[in-house]
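>>> One predicted model, sequence on top.
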Amino acid sequence: MLLAALTAACLCLSIALPAQQPSPASPYTVVARDGRRPLATRVFGGQEMFALDDLARLFNLAVREDAAAGGISITSGTQTVVLSQQQPLASVSGRMISLPAAAVRDGRAWYVPVDFVSRALVPIHSTRLELRKPSRLLLVGDIRMPRVAARVEPLGSITRVTLEVAPPTPHTVTQDGQQRLIVRFEADALDAPDIRAGATTDTLQNIRAGDTPQAITIDLGPRFASFRAADQPGPAGSTRIVIDLVAQTEAPPPAGGQPPASGQAPVPPAPPVQPETPPLLDLPPAGGLRTIVIDAGHGGDDTGAKGEKGTLEKNVTLSVARRLKASIETRLGVRVLLTRDGDQSVASDQRAALANNNKADLFISLHANASVRPGVSGIEVFYLTLEGYGAEAQRLATGRADSLPVLGGGTRDIEITPWEMAQARHVDQSAAFARAVEAALRDRVTMSPRALQQAPLRVLVGVNMPAVLVELGFLTNPQEEQQLAGDERQNTIVQALVDGVLRYRSSAQGTR
């Protein structure tokens, strides 16, 4: 049925062209926890393609050809992509998307455009996949591999080295003897295909890959005396590590920061970083997501639910929020803000204000549940219901405007959203977001029989963007209490929530 529908959708377009003879191309590198392996590509009509058989072996896909309809179906778990040989279109779990080229059959093998991975395979696959075309990499799983680019600027007696890193990644800059600096990242490896300096000075000889996959080495020149390192915000959520290499002077200043004696030349201050400096990295767009706010429920004197073993809801939500922030920043390169990053009390309106004032694109509130029956268990996902908020909320949800008088006579239609009604206009998007989160969680953990619900939740009503509240489990259930207090369950929930964000982002892009 899907193949027939896809074929019908293509009838208004041009007919299929015969497959062109492929030409070889350099392979991509698949990076996973168990190592690296090449993934061959072929070029058909100027378009780089992967062999579908190679993708099927790598990602455990079921591929079925329908010769009568002239297409193929690719299944991962319970979700399916349907491709047509006639046109560059695909049906991804029932949603039509475009591809840069149609699938090509060469002999008995099918080939799909490289972009098939990011456009069609990522939304349906249970494991995180990230295609990086500039570096010819395909990351599989929770691989931390920040992109790094370097720039060198001679500035008189100072040589400035700027490393642009995306997403921001914890790092250290240390001097190893007199000959080099080591910039070491908390990552599995670095995506730095061309990190060479391109210029040398009397304080800098070279920038190169380090002795480990997580490091970059800066080889120092003969007149190097000292260095200063600082982090600066970069474009599109990246970080700039600015390292100033200071040259020796004839009479260096004494230690302790005291002024130099008469006749001694001071070390000049580092020139400021210019805010208009162009980005070093060509970062891909984040699919419309720039800022996400994560709300760790309760805090301070408000401990929330409590388990039999003493596990407190406020501690569980904060721990999951911190892990979720790190995972989203690493995987999506999106700015993430926490409504609290410590054990403090934060009012519901303050939580909403943080999200609204920072123009967040999504809001995720984390809580843990409780019940008088210890056998009740499972995760639940909520979004706002307008019941109980009256006709005003219904009016706002439809986007109708108020007519207000203006100077000089007449009226003007102006949309006015009271703070306590901000969520009303986002209920449909919040419902879609909640469905995506619930589906991603269901793939990994046990859900409540009422896994997806609406409720008049105070923390959501003032939030002016799509928003969900996730009850992470029941602390009153002894087994779930033990799980929620442990790293394994928290990490599993975090990965599911990140996948939920990715699913929602993909569905939102498909409706534009």
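On my side now, so go ahead.
>>> Okay, helices next: where are they in this structure?
Along the chain, counting by DSSP state H, helices occupy 2-9, 52-59, 116, 122-124, 313-332, 348-357, 390-397, 427-442, 458-461, 478-484, 487-510.
>>> Quick check, pLDDT for residue 491.
Note on residue 491: pLDDT of 91.
>>> do residue 397 as well
43.
>>> ok, now residue 156?
Residue 156 carries a pLDDT value of 83.
>>> domain parsing for the chain?
Listed domain ranges for the chain are 2-10+22-140, 147-254, 291-510 (source: automatic domain parsing).
>>> Out of those, which gets nearest to residue 279?
Of all these, domain 147-254 sits nearest to residue 279, with 4.3 Å by C-beta to C-beta. The C-beta positions use only the backbone N, C-alpha and C, and glycine is treated the same way.
>>> most packed of the helices of the chain?
Most buried of these, by mean neighbour count (mean count of other C-beta atoms under 10 Å): helix 116, with a mean of 26.
>>> mean confidence for that one?
Helix 116 comes out with an average pLDDT of 93.
>>> same deal with stretch 217-224?
Stretch 217-224 comes out at a mean pLDDT of 93.
>>> just stretch 323-332 next, same as before
84.
>>> Could you list the residues in contact with it?
Here stretch 323-332 makes contact (C-beta atoms under 8 Å, 6 or more residues apart in numbering) with 128, 130, 142, 144, 146, 167-169, 237, 286, 289, 292, 294, 334-336, 338, 364, 366, 490-491, 494-495, 497-498, 501-502.
>>> Now the buried members of these.
Buried subset of those (neighbour count, 16 or more other C-beta atoms under 10 Å): 128, 130, 142, 144, 146, 167-169, 237, 286, 289, 292, 294, 334-336, 338, 364, 366, 490, 494-495, 497-498, 501-502.
>>> I'd like the distance between residue 470 and residue 295.
Distance of residue 470 to residue 295, computed by C-beta to C-beta, to the nearest Å: 10 Å.
>>> who touches both of the two?
Each of 364, 365, 366 lies in contact with both residue 470 and residue 295 under the rule C-beta under 8 Å, 6+ apart.
>>> what residues are up against the last one?
Right, residue 366. 294, 295, 296, 297, 317, 320, 321, 324, 469, 470, 472.
>>> Make JSON lines from the shared contacts of residue 470 and residue 295 and add distance to residue 436 to it.
Formatted as JSON lines, these follow (distance: C-beta to C-beta, whole Å):
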{"residue": "364", "distance to residue 436": "12"}
{"residue": "365", "distance to residue 436": "16"}
{"residue": "366", "distance to residue 436": "16"}
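>>> circling back: reformat the helices of the chain as a markdown table; add distance to residue 72.
Below are these laid out as a markdown table (distance: least, C-beta to C-beta, whole Å):
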| stretch | distance to residue 72 |
| --- | --- |
| helix 2-9 | 8 |
| helix 52-59 | 7 |
| helix 116 | 11 |
| helix 122-124 | 14 |
| helix 313-332 | 29 |
| helix 348-357 | 43 |
| helix 390-397 | 42 |
| helix 427-442 | 25 |
| helix 458-461 | 43 |
| helix 478-484 | 40 |
| helix 487-510 | 21 |
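>>> Of those, which is nearest residue 249?
Evaluated over the helices of the chain, closeness to residue 249 peaks at helix 313-332, with 40.7 Å, by C-beta to C-beta.
>>> Tell me what angle the closest one forms with helix 487-510.
Interaxial angle, helix 313-332 versus helix 487-510 (axes from the mean of the first three to the mean of the last three C-alpha atoms, to 10 degrees): 50 degrees.
>>> Now find how far off-centre helix 313-332 is within its chain.
Put simply, helix 313-332 sits 13 Å off its chain's centre (C-alpha atoms, centre = their mean, to the nearest Å).
>>> Averaging pLDDT over each of the helices of the chain, report the lowest-scoring one.
Mean pLDDT, when computed for each of the helices of the chain, is lowest for helix 2-9, at a mean of 43.
>>> Nearest approach to residue 372 belongs to which of the helices of the chain?
Distance to residue 372, taken as C-beta to C-beta, is lowest for helix 478-484 among these, at 14.4 Å.
>>> which strands and helices sit next to that closest one?
Using 3 or more C-beta pairs under 8 Å, 6 or more residues apart in numbering; DSSP states H and E, the elements in contact with helix 478-484 are strand 467-474.
>>> Each with direction, which strands does the strand it packs on pair with?
Strand 467-474 has the following sheet partners, assigned by DSSP bridges: strand 362-369 (parallel), strand 379-384 (antiparallel).
>>> And the contacts of the shortest one?
When you say that, I think you mean strand 379-384. Strand 379-384 has contacts (C-beta under 8 Å, 6+ apart) with 369, 423-424, 427, 430-431, 433-434, 437-438, 441, 445-448, 450-457, 460-461, 467-473, 493.
>>> can you list the weak-confidence ranges in the stretch 1-150 of the chain?
Within the stretch 1-150 of the chain, the segments meeting pLDDT under 70 span 1-24, 67-70.
>>> so residue 90 makes contact with residue 96?
Yes. Residue 90 is in contact with residue 96 according to C-beta atoms under 8 Å; the separation is 7.4 Å.
>>> If you count surrounding residues, which of the two has more?
Applying other C-beta atoms under 10 Å to residue 90 and residue 96 shows that residue 90 carries more neighbours, namely 25 against 13.
>>> mind checking how far the more buried one is from residue 168?
For residue 90, the distance to residue 168 - C-beta to C-beta - is 34 Å.
>>> and what of residue 99?
Residue 99 sits 32 Å away from residue 168, going by C-beta to C-beta.
>>> now residue 371
Distance from residue 371 to residue 168, counting by C-beta to C-beta: 40 Å.
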